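**Q** 3D, please:
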Amino acid sequence: MNPQTLFYIIIGIIIIDFIIDKILDALNAKHFDDPIPKELDDVYDPEEYEKSQAYKKERYRFGILTGSFSVLLTLGFIVFDGFAWVDGIARNFTDNDILVALIFFGIIMIGSDILTTPFSWYSTFVIEEKYGFNKTTKKTFFLDKIKGWLMMAVLGGGILALIVWFYQFAGNDFWWYAWILVAVFSVFLNMFYAKLIVPLFNKQSPLEEGSLRNKIETYAASVGFKLDNIFIIDGSKRSTKANAYFSGFGSEKRITLFDTLVKDLEEEEIVAVLAHEVGHYKKNHILVNLVASIVTTGFTLWLLSLFVGSPVLSQALGVEEPSFHIGLIAFGILYSPISEITGLLMNYLSRKFEYQADNFAKETYAAQPLISSLKKLSRNSLSNLTPHKAYVFMHYSHPTLLQRFKNLKRSL
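**A** Model (predicted):
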């Protein structure tokens with residue numbers, strides 16, 4: 001295949017992906033005003049429902065703007081040889097392939113982030129502020145940016161440098177070494193994410209002794225789940241939206257509850273949410289997701305090894321001198337249709353896991369407090385109660401509120 005043909009394929013993939021995404025968004029938006037299912041008619045009062053409608057529509061319009069800007073920026077960068085320009089800047093500093101790759105991606109990532117920062121600012125301080133969600137200060141906003149860049153430089157840069165080094169000495173067999181590296185890093189991150197990464201952005205404190213902790217510990221003991229680490233995280237530092245998550249394995253496993261969750265829900269509802277999270281652990285969902293992610297990464301790296309050395313990839317992006325980092329960019333775009341398929345499979349698996357975790361909570365604790373907690377969390381985040389089925393199929397990692405309600409009510 002000649003570079004010109006590959007160039008048009010790359011452009012075509014970007015445009016088609018954008019069109020499909022916007023069609024799905026439009027289909028979903030058409031259902032914003034659908035009648036609320038009778039099972040969910042207690043989620044919103046009339047005033048809250050009107051607010052949720054306005055929020056969804058504003059988010060939809062903003063998504064069209066940001067998506068259009070992003071795709072036009074990407075297309076413009078390719079058409080006007082932006083990658084060749086950045087590659088030239090990197091090569092002006094050094095001729096070391098590892099350093100060239102680090103400088104190249106550093107410029108691309110930071111430049112892209114700077115260009116999209118006005119959109120992030122507007123999203124946070126205009127839209128989220130308007131609907132009462134935002135708690136982020138301007139200082140926190142910029143500190144998050146700087147910390148994100150530093151993490152990208154240390155972790156992302158370190159992994160990239162090692163992968164390029166593997167490619168230098170192992171050639172097309174580099175993918176084995178890269179796969180082992182990424183697998184080890186993924187396991188490590190799963191184990192110690194809460195200890196090493198979260199504290200850079202949020203404060204965590206052990207759940208205090210009291211009624212809630214007693215109920216959680218009593219439930220955990222009833223299902224044979226040893227749980228010593230229950231933490232509260234200051235999610236209210238950035239948003240009023242609530243969440244809870246499970247992380248780690250073995251002695252490092254912990255449940256983290258957002259302070260907004262503790263504020264919004266009754267104790268019985270919090271225990272029901274926690275029972276759902278315990279269900280994920282008991283059903284080995286975390287391990288399955290980790291293994292699936294590692295297997296997918298291995299397949300991607302193997303496929304990359306077949307093509308990354310081809311000069312055609314670099315030439316298709318206007319760069320005459322073949323290099324690993326340019327080949328990686330071209331491959332990433334060409335791989336996106338396959339990535340969409342694997343993403344669909346992972347979303348399907350995730351939705352199945354959510355049903356299983358809900359069923360576990362229903363069987364080992366109670367369905368009603370989980371139902372009421374899901375309704376409260378949907379109301380407090382102004383969630384869409386009537387999403388389009390195609391949009392759910394393509395984008396949702398969780399079943400809809402109505403689907404979860406029906407599943408929890410079944411056999412009760």
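**Q** Okay, now the unreliable bits of the protein?
**A** 251, 411-412 (pLDDT under 70).
**Q** Residue 300 touches residue 335, doesn't it?
**A** Yes. Contact criterion Cβ atoms under 8 Å: residue 300 and residue 335 qualify, at 6.7 Å. (C-beta placed from N, C-alpha, C; glycine too.)
**Q** neighbour count winner among those two?
**A** Legend: neighbour count by other Cβ atoms under 10 Å for residue 300 and residue 335, higher for residue 300 (20 against 16).
**Q** Name the residues of the helix or strand encompassing that one that are buried.
**A** In this structure, residue 300 sits in helix 285-307 according to DSSP states H and E. For helix 285-307, burial by neighbour count (16 or more other Cβ atoms under 10 Å) applies to 285-286, 289-290, 293-294, 296-298, 300-301, 304-305, 307.
**Q** and what of stretch 386-397?
**A** Neighbour counts over stretch 386-397 (16+ other Cβ under 10 Å) mark 386, 387, 388, 391, 392, 394, 396 as buried.
**Q** Can you list which of the residues you listed are found in helices?
**A** Of the positions in those, 391, 392, 394 sit in helices, assigned by DSSP state H.
**Q** Need those residues in a markdown table (columns: distance to residue 61).
**A** Formatted as a markdown table, these follow (distance: Cβ to Cβ, whole Å):
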| residue | distance to residue 61 |
| --- | --- |
| 391 | 16 |
| 392 | 21 |
| 394 | 20 |
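**Q** For residue 189, state which of these is nearest.
**A** Minimum distance to residue 189 across those is 26.9 Å, recorded for residue 394 (Cβ to Cβ).
**Q** do you know how far the nearest residue to that closest one once chain neighbours are set aside is from residue 300?
**A** Distance criterion Cβ to Cβ, 6 or more residues apart in numbering; nearest residue to residue 394, sequence neighbours excluded, is residue 24 at 5.7 Å. As for residue 24, its distance to residue 300 is 24 Å (criterion: Cβ to Cβ, to the nearest Å).
**Q** quick one: the longest helix anywhere in the chain to helix 285-307, angle?
**A** The longest helix of the chain (DSSP H) is helix 324-364. Comparing the axes of helix 324-364 and helix 285-307 via axes from the mean of the first three to the mean of the last three Cα atoms, to 10 degrees yields an angle of 160 degrees.
**Q** How far does helix 324-364 sit from its chain's centre?
**A** 10 Å (Cα atoms, centre = their mean, to the nearest Å).
**Q** Let me know the next secondary structure element after that helix.
**A** Per DSSP H and E, the first helix or strand lying C-terminal to helix 324-364 is helix 368-380.
**Q** Against which helices or strands is that next one packed?
**A** helix 259-264, helix 267-282, helix 324-364, helix 401-409 (3 or more Cβ pairs under 8 Å, 6 or more residues apart in numbering; DSSP states H and E).
**Q** Only alpha carbons, please: show it as PDB.
**A** Taking Å, rounded to 0.1, in the frame of the first residue of the first chain, the C-alpha atoms of helix 368-380 are listed here in PDB:
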ATOM      1  CA  GLN A 368     -34.700  -1.800  48.300                       C
ATOM      2  CA  PRO A 369     -31.900   0.300  49.800                       C
ATOM      3  CA  LEU A 370     -29.800  -0.300  46.700                       C
ATOM      4  CA  ILE A 371     -32.800   0.800  44.500                       C
ATOM      5  CA  SER A 372     -33.300   3.900  46.600                       C
ATOM      6  CA  SER A 373     -29.600   4.700  46.600                       C
ATOM      7  CA  LEU A 374     -29.400   4.400  42.800                       C
ATOM      8  CA  LYS A 375     -32.400   6.700  42.400                       C
ATOM      9  CA  LYS A 376     -30.900   9.300  44.700                       C
ATOM     10  CA  LEU A 377     -27.500   9.200  43.000                       C
ATOM     11  CA  SER A 378     -29.300   9.600  39.600                       C
ATOM     12  CA  ARG A 379     -31.300  12.500  40.800                       C
ATOM     13  CA  ASN A 380     -28.300  14.200  42.400                       C
END
